[in-house]
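Student: Here is a sequence with its predicted model. Questions after.
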Amino acid sequence: MQLSDAFLDDLVRRITDERSDVFGAFYTPYLRDGAQRIAGLAATLRGPDTMEDVADLAGVAESALRSLMGLCVETGVRTLIASFRAQDTGYEAFHAHLAQAPGRQAVLDRFPELDRLLRLATARTARTVADVLHAAVADRAELDALLGGPGRIVSVTPGLGDAHRGGRTVCLVVRDDGARAVYKPQQDNCQQLLTSLRTLLDADGSFFGPLHPRTLVRPAHVWQEFVVHADLDGTAEHSARYFRRFGRSAALLSMLGATDLHHENIISTPDGPVVIDTETLVSLPNTAPEQGRSVSAAAALNLDIEHSVLNTLLFPARYAGSKLDVDISGIGCVRPGASEHLQSYLVVDAGTDDIRFDRSQVVVEHGSNMATVAGEPLDPRRWTDELVAGFREARTLLAAHRDAVEAAVRDSAGWAVRQVVRPTYVYARFLEASTHPVHLGSRQDRADLLGKLPRHYRGTAAESADAVHREEVAALLDLDVPFFTVDCDSGLLRGDFDEEIRSAARLTPRESALAAVRSFFARPADRDPLYLRYALAGSADDVWERREPATGPAPAASPVHLADPAGWHALLRDLVVGDADAPTWLTPRLRGDGLRLGGIDATLYDGGGLLLHLAQSAARTGTSPVGVDLERVRASAVHSRPAVLDGSPLSMSPFTGVLSDLVTDWEIRRLASPAARFRAGDEHVRFRPAQGAFDVDSLSAADFDHLNGYGGYLVHLAAHTAHGATELTGAGTERLLRRLVAVDGDPADHPEDGELGLAHGRFGRITALSAMVAAGLDEDSGARAHLERFAEAYGRHRWQDAALRDPGTGNGGWCKGYAGIAYAHATLLTALGEPVGRIAEAVAPEIDRVLEPAGSTRSTAIAPDLSLCHGLAGRIAVLCHLADLLHRPDLREAAAALHTAFLDRYGNGGWSCGIGTEPLLPSYFLGLSGWFAAQAMLDHPGTGLPRCLGGR
């Protein structure tokens, strides 16, 4: 079939008209050139088949040209917008100007690199179509068998993925019978290896599900059936099966050392997840092992993560401090979130005189990788137990067939892997930046920008860095994403040039796969399931969001029993990595509103409190419950040496800020040395205000937050000055207290909308004043008089805020509820010298609320939150504290009764932590370490809270 010039001209006109809102007519010559090239394919087919037999060339041309148009617009739109805004005509007039040769050429004369890129895109699109059609002719019989019968190709859409190696891209191919196939220009891929393992382990697909598409493998390309995303049926049983199969697939892929299985490489189907890209089924080690050298805690943790299920990217591995701060995991993001670090651009007011491009945050939307019911994505966090169960089931199956698996890897042949030498989003950022008009003046301008790619690589030898860099720049100059492959028995990476690029570890992919199998089975069996749980816990940008009650099966029995701290300690022991001098382990840490993965930290709120709990256990038993020196763990966990406080309220907090590192350090040291001194002096802590000189008079009431600010700092001074702590700001305690008295407001009144709670409200500020008065550090600040007036007014009015008035669950806790109020009220009256009997009488109303089973008046059912901050652990800790302070052993008995009731209801599972959905969070304020610390206060009355939380 010959395509006439009239047909092609009409086709080009229709396509450019469709994009008239982004100067579509400018690209007419490029589309016309592409159309002529595609039309010329009719005469290039060899053999018995004619173009008429194989394809509808008109349909192929239309689909390919639409793809080309999209690429042209993406490449040139910012240049055309900038050119438009540099002159005075309206949009329609300028578009008409660009449609004519002189107007078009005027732009191209200024931006010759744009012309080169558009010509390159045109030629590559036409060549891609030719490659697809010639492959379809050569593979016609086998392709018909794959797709269920004969058919003619009516559409070829290039650009389904990144362009590699001369603009070669994945293409969607559609036939006249509706069948769809995916064409991939790959060489020696890993598909056959995965297929052989799937056949060995699960011939009928009942265990893993489909796992990968049906595939026709050729030496230079691959055909795959097009996998269609479809809903699950909505039953709990079907959803549970899906996520079990996801967990099983994750175990298999992790065992092989797979990586880069992000959201674009997984399709969710009713039968299970499907991996549609296996080019990274095996990965080379990121770095060479350093024989005989000790490694830092961070390096040891990074190496362990590389060997873990998190390296697959199937789960949301979001790390503290990472530039990639959005969830790109294969299982899918819980809520589409905007990146705080990564930016793109957005065309605004297209087709109008106000057209412009603005910066926009990168957002990862829900995609076909997510399991859905009636079009709505399922939250994978609700199915964590099923994912973990599936992972464990697959590990058992794989262990039973380990010898056969290793034999299959050893005996396989003719495959290669892609080595991803840096996160591919970095390439995307550089490519996008390089098509900004400021860089399109010449090829060299773009080369200069692209040359700024850092020379740090994963999996390549250091001496090969320059060669890799040259390959990267050359590929990106032609709008390709750099692509490096390694043959299964080679230690050399192949790029587009003939330069020698050596791998970092001097291992071949086959050796790497076998090493990955050994590592998989050498790891403690509980480590990857915990990593999986921690990763899912961090998938939400906002872990404080209110969650609807989970539907589906009842919670699975937990691997931890809440009455068994030793069992939980054993789980933590399985996480420990690194040398004896610098041990650490992976933990989810609260950063802003999200949980982020990293090594254990030393802040009392999170990891520091966990370390203190473990150290208290070690002090009682004489043995570290996790098998390593906890002081060495703490030393490797601190923010910096010395601790640098920038003057922000958060940095000054002894609970959540940098200062907290020193608090944790002292608390752990004093267990062995009761006379230990707080570390002070420039070698340990420095105050360096980020905003110039520190201005105490600029501090607001919010800055004196108890948990996250200067209120906590004053509590720290009161608790630790006698042990060597010093005032760091230079303002002096009297000025700080005077400022706090001033911003706290009228002590005889409390605003209707003002927060009262201990952590963030009025009683937090009152506790800071009380602590300083009790320690005799208030000088002439007026703090005592302020407290006296407040105590009298509160005793008379018993103010309540919204949290305390809420009859629902949650107002009995430490953070915003009555446990915190009871603690703060008792601390206030103690500081004022009231007798114990008077204090007990005054605090009785708050204590009564703390003793209510649910912490509320609405329900008698004990709530599932076990945390120190919001849940039962905080209530137990406060009751134990008040029992000792007020000489009321009945309060300890009441705390024990609450503890027993909670264990009866939730001991084996079904409890929740203070945030998010994961019940095994190790956090001190929000998770299990706080729970077991409160339990230790019941079981071992000599065990107390840290001094800044009211301990002795």
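Tutor: Thanks, I have it.
Student: Pull out the buried positions in the one helix or strand F902 maps to.
Tutor: Element membership of F902, judged by DSSP states H and E, is helix 889-906. For helix 889-906, a neighbour-count test (16 or more other Cβ atoms under 10 Å) marks L891, R892, A894, A895, A896, L898, H899, F902, L903, Y906 as buried. Just so you know, the C-beta spots here come from the backbone N, C-alpha and C atoms, and that holds for glycine as well.
Student: repeat for stretch 229-246
Tutor: Under 16+ other Cβ under 10 Å, the buried positions of stretch 229-246 are H229, D231, L232, S239, A240, R241, Y242, F243, R244, R245, F246.
Student: In contact with the closest residue to the first one other than its chain neighbours, which residues?
Tutor: Ranked by Cβ to Cβ, 6 or more residues apart in numbering and with sequence neighbours excluded, the top spatial neighbour of H229 is S368, at 3.7 Å. For S368, the residues meeting the contact criterion (Cβ atoms under 8 Å, 6 or more residues apart in numbering) are H229, I267, S268.
Student: Can you pull the phi and psi angles for S368?
Tutor: Dihedral pair for S368: phi -70, psi 0, per degrees, to the nearest 10.
Student: And T584, by the same measure?
Tutor: phi -160, psi -180.
Student: quick one, what contacts V348?
Tutor: D354, I355, R356, F357, D358.
Student: try it again with 6 Å
Tutor: R356, D358 (Cβ atoms under 6 Å, 6 or more residues apart in numbering).
Student: Would you verify that G598 is located in a strand?
Tutor: Yes. G598: assigned to a strand according to DSSP: H, G, I helix; E, B strand; the rest coil.
Student: Number the chain from 820, please
Tutor: All set: I'll call the first residue 820, so the last point we hit is now G1417.
Student: which one is it nearest to, not counting chain neighbours?
Tutor: Per Cβ to Cβ, 6+ apart, closest to G1417 is A1139, 3.9 Å.
Student: Could you do L1596 as well?
Tutor: Using Cβ to Cβ, 6+ apart, the closest residue to L1596 is T1552 (5.1 Å).
Student: Could I get the contacting residues of M1756?
Tutor: A1696, C1699, T1762 are the contacts of M1756 under Cβ under 6 Å, 6+ apart.
Student: Wasn't it part of a helix?
Tutor: Yes. Under three-state DSSP, M1756 falls within a helix.
Student: Specify the local secondary structure of the closest residue to it other than its chain neighbours.
Tutor: Distances taken as Cβ to Cβ, 6+ apart place C1699 nearest to M1756, at 4.4 Å, with adjacent residues excluded. The three-state assignment at C1699 reads helix, by three-state DSSP.
Student: In what element of secondary structure is G922 found?
Tutor: Following DSSP H and E, one finds G922 within helix 920-929.
Student: Let me see the residues that make contact with that helix.
Tutor: Here helix 920-929 has contacts from F845, S902, H916, L917, D934, using Cβ under 6 Å, 6+ apart.
Student: Local confidence estimate at the first one?
Tutor: Same thing as F845. F845 is assigned a pLDDT of 97 by the prediction.
Student: Does it touch L917 like I think?
Tutor: Yes. Assessed by Cβ atoms under 6 Å, F845 is found in contact with L917 at 4.2 Å.
Student: Of these two, which one has the most company?
Tutor: F845 (28 against 23; other Cβ atoms under 10 Å).
Student: List the contacts of the more buried one.
Tutor: Counted by Cβ under 6 Å, 6+ apart, F845 has contacts L917, R923.
Student: So what's the residue count around L1414?
Tutor: 28.
Student: Name the surrounding residues that touch stretch 1470-1480.
Tutor: So stretch 1470-1480 is contacted by 1421-1424, 1427, 1457-1458, 1462, 1464, 1469, 1482, 1526-1527, 1529, 1531-1532, 1535, 1767 (Cβ under 6 Å, 6+ apart).
Student: among those, which are in helices?
Tutor: Using DSSP state H, the subset of the contacts of stretch 1470-1480 located in helices is G1427, V1482, Y1529, G1531, Y1532, H1535.
Student: Now the two most distant members of these.
Tutor: Pairwise distances across the ones in helices among the contacts of stretch 1470-1480 (Cβ to Cβ) peak at 19.6 Å, for the pair G1427 and Y1529.
Student: which of the two has more neighbours?
Tutor: Using other Cβ under 10 Å, the more surrounded residue of G1427 and Y1529 is G1427, with 30 against 27.
Student: where does the closest residue to that one other than its chain neighbours sit relative to L1165, distance-wise?
Tutor: Spatial nearest neighbour of G1427, excluding adjacent residues (Cβ to Cβ, 6+ apart): T1483 at 3.4 Å. T1483 sits 45 Å away from L1165 when distances are taken as Cβ to Cβ, to the nearest Å.
Student: So if I had to pick from those two, which one is more boxed in?
Tutor: T1483 (26 against 12).
Student: my guess is that one meets D1420, correct?
Tutor: No. The criterion here is Cβ under 6 Å, and T1483 misses it with D1420 at 9.2 Å.
Student: and R1178, what element?
Tutor: strand 1175-1183.
Student: From the contact counts, what lies against the very next helix or strand once past that strand?
Tutor: Downstream of strand 1175-1183, the next assigned helix or strand under DSSP H and E is strand 1191-1192. Packing contacts for strand 1191-1192, counted by 3 or more Cβ pairs under 6 Å, 6 or more residues apart in numbering; DSSP states H and E, involve no helix or strand.
Student: what's in contact with strand 1191-1192?
Tutor: Contacts of strand 1191-1192 (Cβ under 6 Å, 6+ apart): D1050, L1051, G1053.
Student: What residue, apart from its backbone neighbours, is nearest the last one spatially?
Tutor: Take G1053 and drop its neighbours on the chain: the residue closest to it by Cβ to Cβ, 6+ apart is V1192, 4.5 Å away.
Student: and what of the first one?
Tutor: With sequence-adjacent residues excluded and distances taken as Cβ to Cβ, 6+ apart, D1050 is closest to T1191, at 5.1 Å.
Student: neighbours around that neighbour, how many?
Tutor: 17.
Student: Tell me what it is bridged to.
Tutor: Per DSSP bridges, the residues bridged to T1191 are P1196.
Student: Let me see the backbone angles for L1051.
Tutor: Torsion angles, degrees, to the nearest 10, at L1051: phi -80, psi 170.
Student: what about it, distance to F1045?
Tutor: On the measure of Cβ to Cβ, L1051 and F1045 end up 20 Å apart.
Student: which stretches of this structure have low pLDDT?
Tutor: 820, 864-870, 1007, 1107-1112, 1364-1376, 1626-1629, 1673-1679 (pLDDT under 70).
Student: Thanks a lot, catch you later.
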